[in-house]
Structures are given as structure tokens and as C-alpha cells.
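Peer 1: I would like the atomic coordinates for the input below:
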Amino acid sequence: MRHRKKGKLLGREKAPREALIRNLVASVILHEKVKTTEAKAKAIRPFVEKMITVGKKNTLASRRQLLSFFYTDHAVRKLLEVVGPRYATRPGGYTRIIKLGHRMSDAADVVQIELV
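Peer 2: All right, here's what the predicted structure looks like:
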């Protein structure tokens, strides 16, 4: 039984999975849309939402919290200067997942996750 088991494993061990999630979240923030598989998009959606919510408060504490999550400061800068003010009055729901079809090689469901 999988009662109270939260999160997706994505076929990876802990460290590669965390690196994948952090890099995908940074890509969504920097490029504002990313094409990936449906499982990965559903796994990173809560992280993107939380990072944008933290980025809406442009304080030193929020900057340090974002820097502890992201590998580089480019995503942190864009969150605090561009994305945060854009969603200042929006209470949530910052991302959209659009289904694009199946990948040719392995028939995985491909989607585009983007900022609304």
C-alpha cells in the first residue's frame, strides 16, 4: 500500500531527481515555458508555484531562501525583479500544462509547462 507516500520518483535516485527538479524549475522561470514529459511537468509544478510565491515578497529572507534552492542566481534575479511583480495580485495558479502529443522514440506523453 502506498498510503501517505507523497511525490514522484521519476525513475531516479534521490540526488539526480533533486537536481532534475531544480534545473527544470530554473528553466521554467528563465524561459517561461519548457517542453518535457507529463510526469516531470506534474512533478515540478508545485515547486514552480512555491518559488513564485516566495519571489513575490522581495525581501532578503526570500532572496536567501531562493538562493538555497537554485544553483545559479539568474533565476533568483528574474523571480524577484520580473516574475514576482507580475503575479503580485494573483493568489496562485501561476502555471499551465498543455498536452502536445507523444514522443516518437518511446511514445511518452509530451507537454509544455508555461507561466500563465
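Peer 1: For the rest of this, base every contact and every neighbour count on C-alpha atoms.
Peer 2: OK.
Peer 1: Okay, strands next: where are they in the chain?
Peer 2: Using DSSP state E, the strands of the chain run over residues 33-37, 95-102, 109-115.
Peer 1: can you put the ones you listed in TSV and add distance to Arg45 and mean neighbour count?
Peer 2: Listed next are the strands of the chain as TSV, based on distance: least, CA to CA, whole Å; neighbours: other CA atoms under 10 Å:
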stretch	distance to Arg45	mean neighbour count
strand 33-37	12	18
strand 95-102	7	15
strand 109-115	8	19
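Peer 1: so which of those strands comes closest to Lys6?
Peer 2: Nearest to Lys6 among these is strand 33-37 (19.3 Å), distances taken as CA to CA.
Peer 1: Strand 109-115 and the closest one, what's the angle between them?
Peer 2: Orientation of strand 33-37 against strand 109-115 (axes from the mean of the first three to the mean of the last three CA atoms, to 10 degrees) gives an angle of 160 degrees.
Peer 1: what comes into contact with strand 33-37?
Peer 2: Contacting residues not belonging to strand 33-37 are listed as 24, 27-28, 108-115 [CA atoms under 8 Å, 6 or more residues apart in numbering].
Peer 1: The strands of the chain into TSV, with extra columns for distance to Lys5?
Peer 2: Formatted as TSV, the strands of the chain follow (distance: least, CA to CA, whole Å):
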stretch	distance to Lys5
strand 33-37	22
strand 95-102	24
strand 109-115	24
